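In: Quick one: sequence plus predicted model below, questions after.
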Amino acid sequence: RFLEDLQGSKKKKVVTERAETFDEYAGPEGWAHVKVLGEGGRTLADFHLGKSAGWPDSFARVQQDGKEVVVRAYNLSATDARLSADAWTEARLWPGLTLPDVERIDVHQRDEKSVLSFVREEKPKEPEEGEEGETPPEGEPETEKVWKMVAPKQGDPERFKIEGLVRTFTGMRFAAIAAQSTGEAEDARFGFAQPAYRVAVFGAKPSENEDAPQHVLLVGDPVPGATEDETTDRVYVRRAND
């Protein structure tokens, strides 16, 4: 989409040719340098993108007649060239995973020294009021899936709470990349040597002999604030074996 917007962008007018005023049209982090290369390394576009000039326009610094000028460009958004990883990559930790895919979730709790475990079981569909003894209308399923707590004790959990937990897991997105390697030093630094929580999600078993979780999240230490007194609601997490 960014390349399509770039292809369709148009110069509306020259804003300034005075180099000393260029920074007035840059974003908070300065100009974003955009360079598009084609086959053989040929430069197809080379310019600097600044702040918004009111949607759908932005300020751009380009070469014109051998010198740099700032122009107002149509159909080009400065926010589309944000210099952050989550603007260009899949930020979901579990792309494609949705609530109906999850058949079981285990939450291993370090401090509580216990495991919360919920499974989704299939059972005969209960008739609605006034339908007792009647067979379900043709085409309607005769069974339904319900959540059951199996650890630390057997029980019927509140459906909206367990589904809220699963949705939190499946919809989780990263806020920032804290490190790009793993090892003993990283485990100690981020709290993964003994994670506060280990959340394991299981899908439908491929066969009766397989009972391995498809997705495992390790929850480490809280992310420290900018100052000693500042607290944050962020924590370090890592996908197991990743």
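Out: That came in fine, so what should we check first?
In: quick one: contacts for Lys123?
Out: Residues near Lys123 by Cβ atoms under 8 Å, 6 or more residues apart in numbering: Thr143, Glu144, Lys145, Val146. All C-beta atoms are positioned from the backbone trio N, CA, C, and that covers glycine.
In: For it, list each beta-bridge partner.
Out: As for beta bridges, Lys123 partners with Glu144 under DSSP bridges.
In: Thr232 versus that one, what's the distance?
Out: 42 Å (Cβ to Cβ, to the nearest Å).
In: Also His33?
Out: 32 Å.
In: returning to what we had before: which one of the contacts of Lys123 sits closest to Arg104?
Out: Checking the contacts of Lys123 against Arg104 by Cβ to Cβ gives Lys145 as the nearest, at 11.6 Å.
In: The closest one touches Val119, doesn't it?
Out: No. In this structure Lys145 lies outside contact range of Val119 using Cβ atoms under 8 Å: 9.8 Å.
In: Could you pull out the buried residues of stretch 171-188?
Out: Across stretch 171-188, burial judged by 16 or more other Cβ atoms under 10 Å covers Glu186, Asp187.
In: Over to it now: how far is its first residue from its last?
Out: Criterion Cα to Cα, to the nearest Å; first-to-last residue distance in stretch 171-188 is 27 Å.
In: Stretch 96-114 too?
Out: 30 Å.
In: Please tell me how far it is from the chain's geometric centre.
Out: Using Cα atoms, centre = their mean, to the nearest Å, the distance from the centre of stretch 96-114 to the centre of the chain it belongs to is 18 Å.
In: returning to what we had before: so if I had to pick from Lys145 and Val119, which one is more boxed in?
Out: Val119 (17 against 13; other Cβ atoms under 10 Å).
In: Dig out what that one forms beta bridges with.
Out: Assigned bridge partners for Val119, using DSSP bridges, are Arg104, Lys148.
In: what residues are up against it?
Out: Going by Cβ under 8 Å, 6+ apart, Val119 touches Glu103, Arg104, Trp147, Lys148, Val150.
In: Noted, bye for now.
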